[in-house]
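Q: need coordinates for the following:
(chains A and B)
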Amino acid sequence: MDLRAAGPIPARTLLATGPVAFLVALDLPCTHPDALRVAGLLARATGEVPLVIHVSGAPSPLADLADLYVLSAPLRAGGARVRIRTVEGDATEGICRCAAVTPCRWILLGTHRDPDEPPGLARSVMRCSPLPVAAVRPAPCDPPSARAREVILASNGEPTGGAPRVFAGLLAEGAGIPLQEVPEPRLRTRTGGSPGRIVVVPVDPDGPEPAWILDLLRWDPGTVVAVSRRPLARDVCYPTGSG
Amino acid sequence: MSPSPPPAGRDRDPTWLEIGGSLAFAGVAFRLDPAGTVTQVFGAGLPGLDVTDLQGRRFDAVIPPAILQASDLPTRIGEALSTRLPVHVPRVVIGEGLTARHLRVRIAPVPGRSAEVVVLLDDVTEAVEAVVRAERQACQARTAVLAANVAHEMRNPLSALSLAFQVVASSPGDPRHGDVLRKVQAQVGRLDRIVEDLVEFSRPPSPTRSVVDLASAARDAVLAAAPAARVHVDGPALTLADPSLLHQGLAGLLAEAAAVAARPDGVEVRVGPGPRLTVSDDGPPVPTAARARLFDPFSRVRTRTGSGLVLALARTLLEAMGGTLELASPPGDPTTFRVSLPAPGDPSPSPGGSAGRTG
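A: You can find the predicted model right below:
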């Protein structure tokens, strides 16, 4: 299924049809809490409602809803609103379909860390969806409650504008810290990562994962968030994240 | 809508009984198995939701999207199942304007079944509309009383003015006209006061709160409204209030007390300790029968002069700042009013927290 032809849904339309949300797709039962930590920062910065979903071919939706409710508890801290849903079907198709029918601006996916195994689902969702997709590759050592202490927008000579920059800016705003922009060669020389570091890397949704990002996963112990370069929904007035 | 006959087996299931059987409701109750399939249905349905369509199908495929979205049913089901406690949503609005429906949603986990729930969607539109209708009627009744009082208050000076003009017109050049014109001026002043108080009374107060020394505020109000009143400070009395609204409220209260006091120094103000004060006077006590309407606009329980809005306005202003004004003296005793205000550090009053001013 290719939903890109429709293009991003204008924000005005989204606002007219319901509360603006962003999609958080979780794998059950082994979800890494890093995706929810990143979702929490995004929710805090945008005020948008996280829609936490699980897509499954052979679902037991009621048990899944109970699991999703428990998993999304950190997002509800302070009384924030969170919606949960289960979707039946193929994972890629289900996520893209759900994003297409929901007033939604971002898709967040929790994925694995292993650089030797490509994140198949994240790449296929990036290809399929017209929305920017953020694939969270978790920090292996960070405890679930680790505070974000650094948000870095990394590049390797490619342009870092558009959705990746906005996303990184929002994470920094959500964490209440300035966004740093560091080119990859210098990033490598920084003292080897610290707990609470989040590195945002822009990726081409239709191309392979660049080698430097795979290297980054090998030597940087922080959270790496690959954000696809897709156009943002029109009318979105987000901060530029350059602060 | 009347509930349809209960499904077989309902009587043996305590959750089903609690949710579906023991309540009279206009809507639908259904039971979901772990796959989210509707296994039992009870009730007559809802607009756009036919109970005959529900049985054997997945709930999120048959419940209309508007109801699913507004009630956030999947999230509530997840909450009920993970906490093992019933989830109750008192009111969910479906649609807008005249066609809006109001639902009450209740979801309860089935005891002994880890992933089964019973869901009740109850149409409470008629009950909600009845409450809204009653509130609207009460508001109209209050407005009618206020309008009648305003008309009555303004008719008196207008009659006096009309009479004065007749006197002047019937005897042109009469040297006593100067006297008549002074009376005209007095009646115009009275009308002006009524209109001024009405404008003040109808304007929503928008307090800007800061820390204020209540003793200083009371002394300022005494100077402005009842210079002969005695002020006693029993302890420190800091409050969080709007200085201007506080002055206006206290000055009104003191002016009313001075107007009825038997002696010029018959008014006494006691401040503190804490953000509270009392205003007492040696005038006639408030008649027992009139105590309940003492703060009503135009009730004129204590004095026949003035606009009849002073006490109502004082209470509105003090309540807008999160405070209270009440009659503290027992029936038959000399009158004492008690003012309580928030202390610094108390939470701000909610925006809608002030008393209505429609009378």
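
Q: what about chain A, any weak spots by pLDDT?
A: Residues of chain A that meet the criterion pLDDT under 70 lie in A:1-20, A:29-31, A:58-59, A:112-119, A:140-145, A:159, A:184-195, A:233-243.

Q: which residue ranges of it form strands?
A: For chain A, applying DSSP state E gives strands covering A:21-25, A:49-56, A:83-88, A:104-110, A:133-137, A:150-155, A:179-183, A:197-203, A:223-228.

Q: contacting residues around B:G178?
A: By Cβ atoms under 8 Å, 6 or more residues apart in numbering or on different chains, the contact list for B:G178 is empty. (Glycine included, C-beta is placed from N, CA and C.)

Q: which helix or strand lies directly C-terminal to the strand or helix carrying it?
A: Here B:G178 sits within helix B:177-202, counting by DSSP states H and E. Counting by DSSP H and E, the next helix or strand C-terminal to helix B:177-202 is strand B:210-213.

Q: what lines up beside that following strand in the sheet?
A: Strand B:210-213 pairs in its sheet with strand B:238-241 (antiparallel), by DSSP bridges.

Q: what mean pLDDT does the strand it pairs with get?
A: For strand B:238-241, mean pLDDT is 90.

Q: which strands or helices does the next helix or strand after that strand pack on?
A: Next helix or strand after strand B:238-241 toward the C-terminus (DSSP H and E): helix B:243-260. Counting contacts by 3 or more Cβ pairs under 8 Å, 6 or more residues apart in numbering or on different chains; DSSP states H and E, helix B:243-260 packs against strand B:210-213, helix B:214-225, strand B:267-271, strand B:276-281, helix B:310-320, strand B:336-340.

Q: give me that answer again for 6 Å
A: Applying 3 or more Cβ pairs under 6 Å, 6 or more residues apart in numbering or on different chains; DSSP states H and E, one finds that helix B:243-260 contacts helix B:214-225, strand B:276-281, helix B:310-320.

Q: B:R133 - that's part of a helix, no?
A: Yes: counting by DSSP: H, G, I helix; E, B strand; the rest coil, B:R133 is found in a helix.

Q: what separation do you get for it and B:L103?
A: 19 Å (Cβ to Cβ, to the nearest Å).

Q: so for those two, which sits in the more crowded spot?
A: A direct count of neighbours by other Cβ atoms under 10 Å in any protein chain shown for B:R133 and B:L103 places B:L103 higher, at 22 against 10.

Q: confirm that that one sits in a strand.
A: Yes: B:L103: assigned to a strand according to three-state DSSP.

Q: hang on, it packs against B:L121?
A: Yes: if you go by Cβ atoms under 6 Å, B:L103 and B:L121 touch, sitting 5.5 Å apart.

Q: on that earlier part again, can I get the helices and strands packed on helix B:243-260 in JSON lines including mean pLDDT?
A: Shown next, in JSON lines, are the helices and strands packed on helix B:243-260 (pLDDT from 0 to 100):
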{"stretch": "helix B:214-225", "mean pLDDT": "91"}
{"stretch": "strand B:276-281", "mean pLDDT": "95"}
{"stretch": "helix B:310-320", "mean pLDDT": "88"}
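
Q: for burial, what's the neighbour tally of the closest residue to B:P64 other than its chain neighbours?
A: Of all residues not flanking B:P64 in the chain, B:G48 sits nearest, at 4.7 Å (Cβ to Cβ, 6 or more residues apart in numbering or on different chains). A count of nearby residues for B:G48, using other Cβ under 10 Å, gives 13.

Q: for A:L232, which of the helices and strands packed on helix B:243-260 is the nearest?
A: helix B:310-320 (43.7 Å; Cβ to Cβ).

Q: got a list of what B:A66 touches?
A: Neighbour list for B:A66: B:I94 [criterion: Cβ atoms under 6 Å, 6 or more residues apart in numbering or on different chains].

Q: switch the cut-off to 8 Å
A: B:A66 neighbours (Cβ under 8 Å, 6+ apart): B:48, B:94-95.

Q: do you know how far it is from chain A?
A: 11 Å (Cβ to the nearest Cβ, to the nearest Å).

Q: so that residue versus B:A100, what's the distance?
A: 11 Å.

Q: what do these two both touch?
A: With Cβ under 8 Å, 6+ apart, B:A66 and B:A100 have common neighbours B:I94.

Q: so A:A91 touches A:V55, yeah?
A: Yes: between A:A91 and A:V55 there is a contact at 4.7 Å, judged by Cβ atoms under 8 Å.

Q: how about the residues of chain A by chain B?
A: Residues of chain A found near chain B (Cβ under 8 Å from any Cβ of the partner chain) are A:18, A:59-63, A:65-70, A:82-86.

Q: give me the buried subset of these.
A: Neighbour-count burial (16 or more other Cβ atoms under 10 Å in any protein chain shown) applied to the residues of chain A next to chain B gives A:59-63, A:65-69, A:82-86.

Q: quick check, nearest of these to A:A134?
A: For those, the residue nearest A:A134 by Cβ to Cβ is A:V82; the value is 17.4 Å.
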